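Novice: Mind looking at a prediction? Sequence and model below.
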Amino acid sequence: MNNRLVKKFFALLIALSLLPAQAWATGYTGTKYPIVLVHGLFGFDNIGPVEYFYGIPAALRADGAQVFVTQVSAANSTEARGEQLLAEVKQILAVTGASKVNLIGHSHGGPTARYVASVRPDIVASVTSVGGVNKGSKFADFLLGVAPPGSYSNAVVVSLGNGLAKLISVLSGQPTLPQNALLAANSLSTAGSLKFNAAHPEGIPTSACGEGVYNVNGVSYYSWSGAQQATNLLDPSDPALVLTSLAFSGEKNDGLVGSCSSHLGQVIRDDYGMNHLDEVNQVIGLVNIFETNPVTVFRQHANRLKNSGL
Ligand code: CA
């Protein structure tokens, strides 16, 4: 055998043995507990090839995380969605043999995950809220304001909302999930959110725009969000988010949720150059090229959970 080739072979073996052991054992995103993703209003697990958390599950799995994508009612109250999520979490624990899960919820998925951690802290390692509607959305307030319950306009908005929610549930293969757009709007309003927080206060900042307690009943709480509406000229959803952001009258927001409302537990950042859809890498990866990619932000967070022993 060629002498130089043998030398090269052994040099390669030595180089491989010097790599950090952890890179082999678990990987950058190899959390101790499974990661469970929870969608927001009008959300889904996947419709055909299009995932709600676009490209995120694969990116987390690539370096060691066990990832589950859940599906709850596209439109319903936080409590109804929370009970559905709790049932799914129990199934995930049964399948994996894990004792806890790391919940990551986007938008209405934030409060939905908080519900599960509030009623069953023993089976939740962490809750992470991404663009979470934790203290309500001024846009939900606006909708309920211009279309108050009982009015004709409310009936139209609710019927459109229910129709969209049903369509999503059929397309995503869960046609039997109950949908109720009026209950969803109430849960997402400021008044509805504050009522929910009174019953489930874990991780919610007590000040208007501070951080919350980092760990409550053994559950770690984290949050991040964006604060820019127009981020990509090619994304057809940007103009709509510019419009909805008008409901916030100048307050920092991602188009649908105010930065301060997104706060939960440890605030990682509340002003990424992302809008509400960019936060989950939508629409199909059209995000701000001048900001950290949302997929990277999710990977960094999985690594944060891993390093915290979660
Ligand atoms: Ca986008």
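Specialist: It's in.
Novice: Quick check: chain neighbours aside, which residue is closest to residue 100?
Specialist: residue 125 (4.1 Å; Cβ to Cβ, 6 or more residues apart in numbering). Backbone N, C-alpha and C define where each C-beta goes, glycine included.
Novice: ok so the one you found is a helix residue?
Specialist: No. Residue 125: not assigned to a helix; according to DSSP: H, G, I helix; E, B strand; the rest coil it is strand.
Novice: pretty sure it is touching residue 221, no?
Specialist: No. Using Cβ atoms under 8 Å, residue 125 makes no contact with residue 221, being 11.0 Å away.
Novice: next SSE after the helix-or-strand element of the chain with minimal mean pLDDT?
Specialist: The helix or strand of the chain with the poorest confidence is helix 21-25; it has a mean of 44 (mean pLDDT, DSSP states H and E). Beyond helix 21-25 on the C-terminal side, the first helix or strand identified by DSSP states H and E is strand 35-38.
Novice: tell me the contacts of residue 156?
Specialist: Residue 156 makes contact with residue 147, according to Cβ atoms under 8 Å, 6 or more residues apart in numbering.
Novice: ugh, typo on my part, it should be residue 59
Specialist: Applying Cβ under 8 Å, 6+ apart, the residues contacting residue 59 are 29, 295, 298, 299.
Novice: pLDDT at it, what is it?
Specialist: Per-residue confidence (pLDDT) for residue 59: 97.
Novice: gap between it and residue 244?
Specialist: 28 Å (Cβ to Cβ, to the nearest Å).
Novice: Next: residue 83.
Specialist: On the measure of Cβ to Cβ, residue 83 and residue 244 end up 29 Å apart.
Novice: of those two, who's got more company?
Specialist: residue 244 (21 against 16; other Cβ atoms under 10 Å).
Novice: what's around the closest residue in space to residue 146 that isn't next to it in sequence, how many residues?
Specialist: With Cβ to Cβ, 6+ apart as the criterion, residue 146 has its nearest non-adjacent residue at 6.7 Å, and that residue is residue 153. Residues near residue 153, counting by other Cβ under 10 Å, number 11.
Novice: does the residue nearest to residue 293 when sequence neighbours are not counted count as helix, strand or coil?
Specialist: Nearest non-adjacent residue to residue 293, counting by Cβ to Cβ, 6+ apart: residue 287, 6.6 Å away. What three-state DSSP gives for residue 287 is coil.
Novice: Residue 232 now?
Specialist: coil.
Novice: can you confirm residue 128 is in a helix?
Specialist: No. Using three-state DSSP, the assignment for residue 128 is strand, not a helix.
Novice: How many neighbouring residues does it have?
Specialist: Residue 128 - counted by other Cβ under 10 Å - has 30 other residues nearby.
Novice: And residue 268, by the same measure?
Specialist: 16.
Novice: do residue 230 as well
Specialist: 14.
Novice: sorry, back to before: list the contacts of the residue nearest to residue 100.
Specialist: 32, 33, 100, 101, 102, 219, 220, 305, 310.
Novice: What number of residues are in the vicinity of residue 49?
Specialist: Other residues lying near residue 49 total 6 when counted by other Cβ under 10 Å.
Novice: looking at this, residue 68 is in a strand?
Specialist: Yes. Looking at residue 68 with three-state DSSP, it is inside a strand.
Novice: What is the burial count for it?
Specialist: For residue 68, using other Cβ under 10 Å, the count is 18.
Novice: Any figure for the gap between the residue nearest to residue 100 and residue 111?
Specialist: 18 Å.
Novice: Over to residue 171?
Specialist: From residue 171 to residue 111 the distance is 24 Å (Cβ to Cβ).
Novice: of those two, who's got more company?
Specialist: residue 111 (33 against 14).
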